[in-house]
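> coordinates for the following, if possible.
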Amino acid sequence: KIPVVPEAKREYFKFWPGGGGELEEEQQPLRGYYIAGTWSRWRAVKMENEGEDNYGYTITLGENRWEEFQIFLDGDSQRRLHPGQSHSAKALAVLGPDPEVLSKGLNWRVEGRGRWFEVPAEAVEEVSLGQPEKVSKAIQALSQGLSADKPQEALANGKAELRPLEVGSSDVGLPGERYRIRLRIAGRYRTVLWEKLAQEDDNALMPVSEGEYAIVGSWNSWSPQAMSREGDAWHCDVKLIASGEEFQILRNDDWSQVIAPARRKADASEVLSGPDHCRFFRGQTWYLAGQPNEVFRITFKRWSSTEGGKVEDHKSVSWERLSAPSSQVQRCLQPPRPQLSVIGSWSGFARMQQMTPSAGASMKESILSFNMHVGSDGVDGFQFVQDFNWDQVCHPDRPVTSSGSTCRVVTSPVQATSSDLVWAIGLGPDIVPGDIFQVEVVVMEEVIVKVTWKQVQDPGRPRLQLLSCD
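Reported below is the predicted structural model:
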């Protein structure tokens, strides 16, 4: 049965330029609106008051060719304006202000990438990058002069010369191009818009700040381990703890900017994907086939090129075995790691996070705990991973929604693990988004014997960093 939205709560307009009503007091800032995004590593910067309740800020598109952002009231990260979905387009309803836990991952995205097509050369000359109103000319020329599904055959027959054309919205642009982001307010209505700013010539691109990179791997508890830059490459020396270790790469220590291969335990020849949110790369790793105490140097390179009019973002990963540990390895070594970590729906079950050992543990029994918020969906599920190894994902044999419920705990490799087989918090009638729970896990001789949780007002210790999987 489809629920009926009460008439008084139904929204007919996302934005009404003529206004109407007014924002409630808690929805208004005292000092202004601030914008935070991937270009600033989520550091909030004040937006410019353009008058008539318009606020603007100009960004430069970075090497990813996309940027994400939210808007903070008074620069307060717990009072966020955000869209209702991840990777949101412009001109949609503005929600908030909400705390971080209810808005994490719900970002606007300025998407500068399009899709590449092979079209007649004369059509390319008529189309300017990012001007979709002219793209129809290219499509029309393609349909009239060529077989759309066999352009290469038509080229071979001498019917036309083909060139690559990037097709997309008016936001399609190159690194270094500038975009003006605007928050518009009309009464109680708010919307966020942006436009690509015109440039005088192709040489007018702004300088692009390059990202910094880190390794996250099974030997360092999947915590960021900074890489060092030497010339055009990034390096990191690592010392293996176990036989064979896995890793991914992070840009700017941001789990929404993961770089990974397309499969599990890949070698250096595998095609790289990303940067993008970790939920897209669950269990997709590179594999160092070595023995404990062996040292490897991992090298990452990223560069761009324009070949035949097509803009390419190149990335490569390689590694070599070193004969002796370096001083960098000694700095990178981590303290002894705990044996159990947690993964949850807040990160798409893709990011392992450590738990806190509780007092009173014995030689055979240990108690681990973590605190978590219930996210914007009103329910969150979680599983565990043994020894930071994606081959050992621990989950119940059925969904468990009650604290302390008995179940059989199964260990499966990540590719055979269902995200439906979880311990889940939030299905109770009195639980709402934002509620805080403390979860305790009793482990006896490396076997999970009990999982319990209770609602708390003051968590007493830092909560897990939540990453939306929407």
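
> from here on, contacts and neighbour counts on C-alpha atoms
Will do.

> can you list the low-confidence ranges for the stretch 251-400 of the chain?
324-338, 360-363 (pLDDT under 70).

> quick one, strands of it?
254-261, 272-276, 286-288, 295-307, 310-322, 340-344, 353-354, 356-357, 365-373, 380-386, 393-396 (DSSP state E, counting those that start in this stretch).

> for E24, which of those strands is the nearest?
strand 365-373 (26.2 Å; Cα to Cα).

> any chance of TSV for the strands of the stretch 251-400 of the chain, columns distance to R113 and mean neighbour count?
Listed next are these as TSV, based on distance: least, Cα to Cα, whole Å; neighbours: other Cα atoms under 10 Å:
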stretch	distance to R113	mean neighbour count
strand 254-261	16	22
strand 272-276	13	17
strand 286-288	26	21
strand 295-307	14	15
strand 310-322	10	14
strand 340-344	30	23
strand 353-354	32	20
strand 356-357	42	15
strand 365-373	34	20
strand 380-386	32	22
strand 393-396	36	24
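
> in CSV: these, plus distance to H82.
Output for the strands of the stretch 251-400 of the chain, formatted as CSV (distance: least, Cα to Cα, whole Å):
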stretch, distance to H82
strand 254-261, 16
strand 272-276, 19
strand 286-288, 35
strand 295-307, 31
strand 310-322, 29
strand 340-344, 22
strand 353-354, 26
strand 356-357, 32
strand 365-373, 18
strand 380-386, 20
strand 393-396, 33
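
> out of those strands, flag the one nearest R65.
strand 310-322 (9.4 Å).

> can you list contacts of that closest one?
If you take Cα atoms under 8 Å, 6 or more residues apart in numbering as the criterion, strand 310-322 is touched by 116, 164-166, 268, 272, 294-306.

> what of stretch 391-401?
With Cα under 8 Å, 6+ apart, stretch 391-401 has contacts from 383-386, 407-414, 417, 420-425, 427.

> closest one to Y55 among the strands of the stretch 251-400 of the chain?
The nearest among the strands of the stretch 251-400 of the chain, by Cα to Cα, is strand 254-261 at 26.5 Å.

> elements contacting that closest one?
Where contact means 3 or more Cα pairs under 8 Å, 6 or more residues apart in numbering; DSSP states H and E, strand 254-261 is packed against strand 245-251, strand 272-276.

> how about JSON lines for the ones you listed, with distance to E177 added?
Below are these laid out as JSON lines (distance: least, Cα to Cα, whole Å):
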{"stretch": "strand 245-251", "distance to E177": "21"}
{"stretch": "strand 272-276", "distance to E177": "19"}
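
> and E100, which of the ones you listed is closest to it?
Short answer: strand 272-276, nearest of the helices and strands packed on strand 254-261 by Cα to Cα, at 19.9 Å.

> what lines up beside that closest one in the sheet?
strand 254-261 (antiparallel) (DSSP bridges).

> now for V379, how many residues are close by?
19 (other Cα atoms under 10 Å).

> which among the contacts of stretch 391-401 end up buried?
Buried members of the contacts of stretch 391-401, counted by 16 or more other Cα atoms under 10 Å: 383-386, 409-412, 414, 417, 421-425.

> so which one among these has the lowest pLDDT?
When these are compared by pLDDT, T417 scores lowest at 90.

> what's across from the spatially closest residue to it that is not a sequence neighbour in the sheet?
Among residues not flanking T417 along the chain, V393 sits closest, at 7.3 Å (Cα to Cα, 6 or more residues apart in numbering). Beta bridges link V393 to V385, S412, judged by DSSP bridges.

> and V393, how far from E312?
V393 sits 37 Å away from E312, going by Cα to Cα, to the nearest Å.

> repeat for R115
Separation of R115 from E312 (Cα to Cα): 12 Å.

> could you do D98 as well?
Noted for D98: a distance of 38 Å to E312, by Cα to Cα.

> just I215 next, same as before
Distance from I215 to E312, by Cα to Cα: 24 Å.

> do the same with Q85
From Q85 to E312 the distance is 28 Å (Cα to Cα).

> before we move on, what about G244?
From G244 to E312 the distance is 33 Å (Cα to Cα).

> re earlier: relative to K239, which of the strands of the stretch 251-400 of the chain is closest?
K239 lies closest, by Cα to Cα, to one member of the strands of the stretch 251-400 of the chain: strand 295-307, at 4.4 Å.

> contacts for that closest one, please.
232-240, 311-325, 329.

> again, 6 Å this time
Here strand 295-307 makes contact (Cα atoms under 6 Å, 6 or more residues apart in numbering) with 233-239, 311-322, 325.

> do the same with stretch 35-54
So stretch 35-54 is contacted by 33-34, 55-57, 67-71, 75, 183-185 (Cα under 6 Å, 6+ apart).

> ok, now with 7 Å
33-34, 55-57, 67-72, 75, 182-185 (Cα atoms under 7 Å, 6 or more residues apart in numbering).

> could you do stretch 415-425 as well?
379-383, 395-401.

> could you identify the most distant pair in these?
Longest span within the contacts of stretch 415-425, Cα to Cα: V379 and D397, 19.1 Å.

> give me every residue that touches G217.
246-248.

> beta partners of it?
Per DSSP bridges, the residues bridged to G217 are F247.

> use 33 as the first number for this chain going forward.
Yep, numbering from 33; the last one is G249 now.

> give me the pLDDT for it.
pLDDT, G249: 95.

> how far away is it from W318?
9 Å.

> what touches both of those two?
Contacts common to G249 and W318, judged by Cα under 7 Å, 6+ apart, are 278-280.

> as JSON lines, those with pLDDT would be great.
Compiled in JSON lines, the shared contacts of G249 and W318 are given as follows (pLDDT from 0 to 100):
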{"residue": "E278", "pLDDT": "97"}
{"residue": "F279", "pLDDT": "97"}
{"residue": "Q280", "pLDDT": "98"}
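
> ok, those vs P207, which is closest?
Nearest member of the shared contacts of G249 and W318 to P207, counting by Cα to Cα, is Q280, at 24.4 Å.

> count the residues that sit near the closest one.
22.

> that one reaches V248, doesn't it?
Yes - counting by Cα atoms under 7 Å, V248 is a contact partner of Q280 at 5.5 Å.

> E244 against R283, yeah?
Yes - using Cα under 7 Å, E244 is in contact with R283, at 5.8 Å.

> these two - which one has more neighbours?
Taking neighbours as other Cα under 10 Å, E244 and R283 compare with R283 leading, 20 against 14.

> check contacts around the closest residue to that one other than its chain neighbours.
Take R283 and drop its neighbours on the chain: the residue closest to it by Cα to Cα, 6+ apart is Y245, 4.7 Å away. By Cα under 7 Å, 6+ apart, the contact set of Y245 is 258-259, 281-284.

> do that again at 8 Å, thanks
Each residue near Y245 by Cα under 8 Å, 6+ apart is listed here: 258-259, 266, 281-285.

> local confidence estimate at it?
With respect to pLDDT, Y245 has a value of 98.

> what of R147?
As predicted, R147 sits at a pLDDT of 87.

> how deep is it tucked in, by neighbour count?
10.

> ok, it touching S201?
No - contact between R147 and S201 fails when scored by Cα atoms under 8 Å: they sit 10.0 Å apart.

> can you give me the buried ones in stretch 210-222?
Across stretch 210-222, burial judged by 16+ other Cα under 10 Å covers 210-211, 213-219, 221-222.
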